[in-house]
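*Asks:* I need the structure of the sequence given here:
(one chain, ligands or ions: 2)
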Amino acid sequence: MRTLFVGAGATGGYFGGRLAQAGKDITFLVRPGRQAVLDRRGLRIKSPDGETVVRPRTITAATVDGPYDLVVLAVKSYALEQALIDMAPAIGPGTVIVPLLNGMRHIDELVGAFGPERAWGGVCMILATLDADGDIVRMSGLHRIGYGPLDGEDERLPEVTYALSGEEFDSNPSHTIVQDMWEKWVFLASMAAATTMMRASVGDINAAPGGLDFGARIAAEALAIATAAGHPARAGAVAMLQRNLATTEPMTSSMYRDMMQGLPVEADAILGDFVAEGAKHDVPAPMLSAAYTNLSIYAAKRAG
Ligand SMILES: NC(=O)C1=CN([C@@H]2O[C@H](COP(=O)(O)OP(=O)(O)OC[C@H]3O[C@@H](n4cnc5c(N)ncnc54)[C@H](OP(=O)(O)O)[C@@H]3O)[C@@H](O)[C@H]2O)C=CC1
Ligand SMILES: CC(C)(CO)C(=O)C(=O)O
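*Replies:* Residues are numbered from 1 along each chain as shown. Ligands and ions are numbered 1, 2, ... in the order given. Reported below is the predicted structural model:
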């Protein structure tokens, strides 16, 4: 499948770069600044396994060359509105769109812009960032994507699976992608709330008095919200959340890393919407609400 990655940052650059390395037909839609970096350095991936460089094809909004079979959307939530405009010429009657964003609001945006027959769901699990040179750094052994049609069934799933599979990461087609996205949301909202509120990794939080209890209370609120919203986390997802919130490892969230670098954060799309779900169902969530307030103060100060 002719595949377009929209965004060549930490997630898009990583998964798209790995697929390009595996010989798949990958193009990146990027903005001119990122294109200049990729032209100069190539797309470099630094990981615990070593460093690789690929030189993928790039286009910009001004040079989108007709419809693609598959579009993988990998921008931050605050960049979504413009990205939907820029990628529109790449969407044809048979295009499948797989988003990697955290949260859920982008699904409504995608369905509204391109229709339910094109908008699929997607999740990614990775700890990745861009370094000062613009290279992609994967910080742990975790690198997994999941994707699937919102209603669970679509004959194009095997083709999309082939297009999104390489040797280098875990690639999981799913018939339960909406549930998968909710479970990821519960996980990320908890991780982001804990790490941004304490301005510390999960390991550092758990080494401090009260740290384990702090994480457990956040997890309990997040799980209660998902249950009230009709998406109770399955046993494996609950276990993964509890295990990660009790880790002694220096685990962080992308929102924490962005905050520590003074960058914009996805507070509204991840914690704001999640807390609003809780309020809609009368689920008390004092810890998550405090985390959202904290992030909103950061965002307001940053905006000046
Ligand atoms: N990083 C991580 O470890 C994880 C992140 N996620 C989620 O994945 C999503 C993407 O995050 P991440 O990859 O980290 O973000 P990054 O900021 O690293 O990358 C986003 C990229 O999108 C590009 N972009 C923005 N707007 C456009 C546009 N209109 N056209 C083309 N490119 C555009 C930016 O380009 P430019 O350089 O021009 O600004 C940037 O390179 C987020 O929702 C995040 O929460 C999920 C799991 C893990
Ligand atoms: C869940 C986690 C921490 C890893 O994929 C994440 O999504 C993020 O950091 O944004």
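
*Asks:* Next up, the contacts around the spatially closest residue to residue 242 that is not a sequence neighbour.
*Replies:* With sequence-adjacent residues excluded and distances taken as CB to CB, 6 or more residues apart in numbering, residue 242 is closest to residue 219, at 6.1 Å. All C-beta spots, glycine's among them, are computed from the backbone N, C-alpha and C. Residues near residue 219 by CB atoms under 8 Å, 6 or more residues apart in numbering: 190, 241-242, 245.

*Asks:* Mind checking which of those are in helices?
*Replies:* Assigned to helices by DSSP state H, the following of the contacts of residue 219 qualify: 190, 241-242, 245.

*Asks:* tell me, which of those make contact with ligand 2?
*Replies:* Cross-checking the ones in helices among the contacts of residue 219 against ligand 2 (CB under 6 Å from any ligand atom) gives no overlapping residues.

*Asks:* Next, format these as a markdown table and append pLDDT and neighbour count.
*Replies:* Converted to a markdown table, the ones in helices among the contacts of residue 219 look like this (pLDDT from 0 to 100; neighbours: other CB atoms under 10 Å):
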| residue | pLDDT | neighbour count |
| --- | --- | --- |
| 190 | 98 | 27 |
| 241 | 97 | 22 |
| 242 | 94 | 15 |
| 245 | 95 | 24 |
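
*Asks:* Closest one of these to ligand 1?
*Replies:* Ranked by distance to ligand 1 (CB to the nearest ligand atom), the ones in helices among the contacts of residue 219 are led by residue 190 at 13.8 Å.

*Asks:* Is it correct that the closest one is in contact with residue 245?
*Replies:* Yes. Assessed by CB atoms under 8 Å, residue 190 is found in contact with residue 245 at 6.3 Å.

*Asks:* what about residue 83, how many neighbours?
*Replies:* Counted with other CB atoms under 10 Å, residues neighbouring residue 83 total 22.

*Asks:* And the pLDDT for it?
*Replies:* Predicted confidence (pLDDT) for residue 83: 98.

*Asks:* per-residue pLDDT, the residue in the stretch 151-300 of the chain that ligand 1 sits nearest to?
*Replies:* Among the residues of the stretch 151-300 of the chain, residue 254 lies closest to ligand 1, at 3.7 Å counting by CB to the nearest ligand atom. We have a pLDDT of 93 for residue 254.

*Asks:* For it, what are phi and psi?
*Replies:* phi -60, psi -30 (degrees, to the nearest 10).

*Asks:* so who does it touch?
*Replies:* Residues near residue 254 by CB under 8 Å, 6+ apart: 10, 102, 127-129, 192.

*Asks:* tell me what the helix or strand hosting residue 45 is packed against?
*Replies:* Using DSSP states H and E, residue 45 falls within strand 43-47. For strand 43-47, the elements it packs on are helix 10-21, strand 50-54, strand 136-149, judged by 3 or more CB pairs under 8 Å, 6 or more residues apart in numbering; DSSP states H and E.

*Asks:* Give the other helices and strands that the second one contacts.
*Replies:* I take that to be strand 50-54. For strand 50-54, the packing partners by 3+ CB pairs under 8 Å, 6+ apart come out as helix 10-21, strand 43-47.
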